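3D, please:
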Amino acid sequence: MMPGNIRLYLILIVSLCCALSQNAWAETVARGIRIGVHNGTTRLVLDLSAPVSFHVFALADPYRIVLDLPDIGWQVPAGTARRNGGLIAGLRYGHYQQGNARVVLDLRGPGVVKKSFLLPAAEGYGPRLVIDIKPASRQAFMAARKPPPIPAARPNKTAQTLKPKRRPAQMPLVVIDPGHGGVDPGAIGISGTFEKGVTLNMARQIGKAIKALGRQRVRLTRNGDVFISLRRRVAIARAAEADLFVSIHADSIGNKRIRGGGIYTLSEKSSDKESAALAAKENRADVIAGVNLTGHDDQVASILIDLTQRETMNYSAQFAAALVPELRQLIRMRRKPHRFAGFRVLKAPDVPSVLIELGYLSNRKDERMLTNATSRAAIAASIARAVDNYFRAQKP
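As a prediction, this is how the structure comes out:
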């Protein structure tokens, strides 16, 4: 007979293992997404491990159907994000905000949700969430729209007085912004790499390199696979009283031979057609994630003529000038490495801001470089040196 304390110890271990096992299965998981067409109706089926509550609504211009869920896990097969069929031209899924996951369906034209329901587990399947979409006129689409849940109102920091300058004794704060995230994967690489993962890994590495120099503080706009709207990214930098904002991205393009990085600062007039197209593409991030933009005007645009904004844009250009020689030693840069465009994420009126496109995930060499830990660390170190050189050049 084993001693009482050993028996108690074993009982505790078994109880803990059971509890961990239960918790491991407690999270609902999406295991697959299927699309089918029958008699003109497009059906989307989401395979789940357990029943969930859900909310379906539509957004116009472009036409989208949005499915909001609790914050579930995702174990869908690779390549699901490229699926389409019937009215569905494409889909995205992932974390949207705290406690909330989202699936966004891009429609080829107007369509209305005919039915949405949960099927119980049966015949070898777990619970299934079904959405049936049928073609409709624009008038019918607009009439059938259900508004998304209204988020809690936030104060309009943009319209408030510009932030006070930081205390001289305080180290400068650099806010690093990993592009995309959550339900918005960003560009998809030639081997299926998601931009949102590349930018997060790079941002973490840059933050580590800056901290190692010991002369600037660092904050990330996101430190996980979460969606953050463009306006919120700007608000985070301003609320933190950042001294520099660095947004990290990696593009993709149809021509797989094109590669190279570029650095962008704000201008309402783009330096070339390519920059204008890239800014328009990046500024669609909120649309991609299914954000309801109805009634939102660009409040920051009215501040661009302010002298503070002009001074900020000059500082942004100074940092871009410090970045070019550092990055050029490690990555291939475009013919004109410093370019200008109206990126929404760069529009903080009082924070010098730069967007770095590190390369093209559609190019095999660039994708390999941006997913390799050694090259990523070297690029991060070069950006950290540029940050340090920029602040050393500023007058106290």
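
enumerate every residue touching the nearest residue to R257 once chain neighbours are set aside.
In space, R257 comes closest to N363 once its chain neighbours are excluded; the distance is 7.0 Å by CB to CB, 6 or more residues apart in numbering. For the C-beta atoms, the positions are set from N, CA and C on the backbone; glycine is no exception. When contacts are counted by CB atoms under 8 Å, 6 or more residues apart in numbering, N363 touches 190, 256-259.

over to A78?
G192.

now do the same for S21: its pLDDT.
In the prediction, the pLDDT value recorded for S21 is 37.

correction: L304
Looking at L304, its pLDDT stands at 44.

and for V175?
Per-residue pLDDT puts V175 at 98.

I'd like the distance between it and H95.
Here V175 is placed at a distance of 21 Å from H95 (CB to CB, to the nearest Å).

which one of the two has more residues nearby?
Counted by other CB atoms under 10 Å, V175 and H95 do not tie: V175 has more neighbours, with 27 against 21.

beta partners for D132?
Going by DSSP bridges, D132 is paired in beta bridges with R43, K115.

ok, it to S247 distance?
D132 is 39 Å from S247, by CB to CB.

okay, the two: which has more neighbours?
More neighbours surround S247 than the other of D132 and S247, with 26 against 17 (other CB under 10 Å).

contacting residues for that one?
The contact partners of S247, taken as CB under 8 Å, 6+ apart, are 177, 179, 233, 343, 345-346, 353-356.

Q139 - how many residues pack around it?
Using other CB under 10 Å, Q139 is surrounded by 9 other residues.

change the start of the numbering to 394 and stick with it
From this message on, residue numbering opens at 394, which makes the last subject Q532.

just the contacts of N756 now: which is nearest V684?
Checking the contacts of N756 against V684 with CB to CB, the nearest one is I583 at 28.5 Å.

who are the contact partners of that closest one?
Contacts for I583 (CB under 8 Å, 6+ apart) come out as 649, 754-757, 760.

in a helix, that's where F534 is, yeah?
Yes - the assignment for F534 (DSSP: H, G, I helix; E, B strand; the rest coil) places it in a helix.

spit out the contact partners of it.
Here F534 is in contact with 451, 453, 456, 503-505 (CB under 8 Å, 6+ apart).

which residues of the stretch 494-643 of the chain score low on pLDDT?
For the stretch 494-643 of the chain, the stretches with pLDDT under 70 are 539-562.

okay, strands next: where are they in it?
504-512, 521-528, 566-571, 610-613, 637-644 (DSSP state E, counting those that start in this stretch).

between these, which gets nearest to I621?
That would be strand 566-571 among the strands of the stretch 494-643 of the chain, by CB to CB, at 8.5 Å.

now the closest one, how far from the chain's geometric center?
14 Å (CA atoms, centre = their mean, to the nearest Å).

partners of that strand, with directions?
In the sheet, strand 566-571 lines up against strand 610-613 (parallel), strand 637-644 (parallel) (DSSP bridges).

pick the most deeply packed of the ones you listed.
Of the strands paired with strand 566-571, the one with the most neighbours on average (mean count of other CB atoms under 10 Å) is strand 637-644, at a mean of 26.

right, and the helix or strand after it?
Next in sequence after strand 637-644, counting helices and strands by DSSP states H and E, comes strand 654-659.

hmm, who's touching that next one?
Against strand 654-659 from outside (CB under 8 Å, 6+ apart): 668, 671-672, 706, 709-710, 713, 716-717, 720, 724-727, 729-736, 739-740, 746-752.

the helices in the stretch 644-789 of the chain, which residues?
Listed in chain order, the helices of the stretch 644-789 of the chain (DSSP state H, counting those that start in this stretch) span 666-675, 678-681, 700-721, 757-764, 766-786.

ok, which of these comes nearest I603?
Across the helices of the stretch 644-789 of the chain, closest to I603 is helix 766-786 (CB to CB), at 4.6 Å.

CA atoms of that closest one as PDB?
C-alpha atoms of helix 766-786 as PDB (Å, rounded to 0.1, in the frame of the first residue of the first chain):
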ATOM      1  CA  ALA A 766      16.000  34.200 -39.200                       C
ATOM      2  CA  THR A 767      19.600  35.200 -40.000                       C
ATOM      3  CA  SER A 768      18.800  37.700 -42.700                       C
ATOM      4  CA  ARG A 769      15.800  39.000 -40.700                       C
ATOM      5  CA  ALA A 770      18.100  39.700 -37.800                       C
ATOM      6  CA  ALA A 771      20.600  41.600 -40.000                       C
ATOM      7  CA  ILE A 772      17.800  43.700 -41.600                       C
ATOM      8  CA  ALA A 773      16.400  44.500 -38.100                       C
ATOM      9  CA  ALA A 774      19.900  45.600 -36.900                       C
ATOM     10  CA  SER A 775      20.300  47.900 -39.900                       C
ATOM     11  CA  ILE A 776      16.900  49.500 -39.200                       C
ATOM     12  CA  ALA A 777      17.800  49.900 -35.500                       C
ATOM     13  CA  ARG A 778      21.100  51.700 -36.600                       C
ATOM     14  CA  ALA A 779      19.100  54.000 -38.800                       C
ATOM     15  CA  VAL A 780      16.700  54.800 -35.900                       C
ATOM     16  CA  ASP A 781      19.700  55.600 -33.700                       C
ATOM     17  CA  ASN A 782      21.400  57.800 -36.300                       C
ATOM     18  CA  TYR A 783      18.100  59.700 -36.900                       C
ATOM     19  CA  PHE A 784      17.800  60.600 -33.200                       C
ATOM     20  CA  ARG A 785      21.500  61.400 -32.800                       C
ATOM     21  CA  ALA A 786      21.100  63.900 -35.600                       C
END
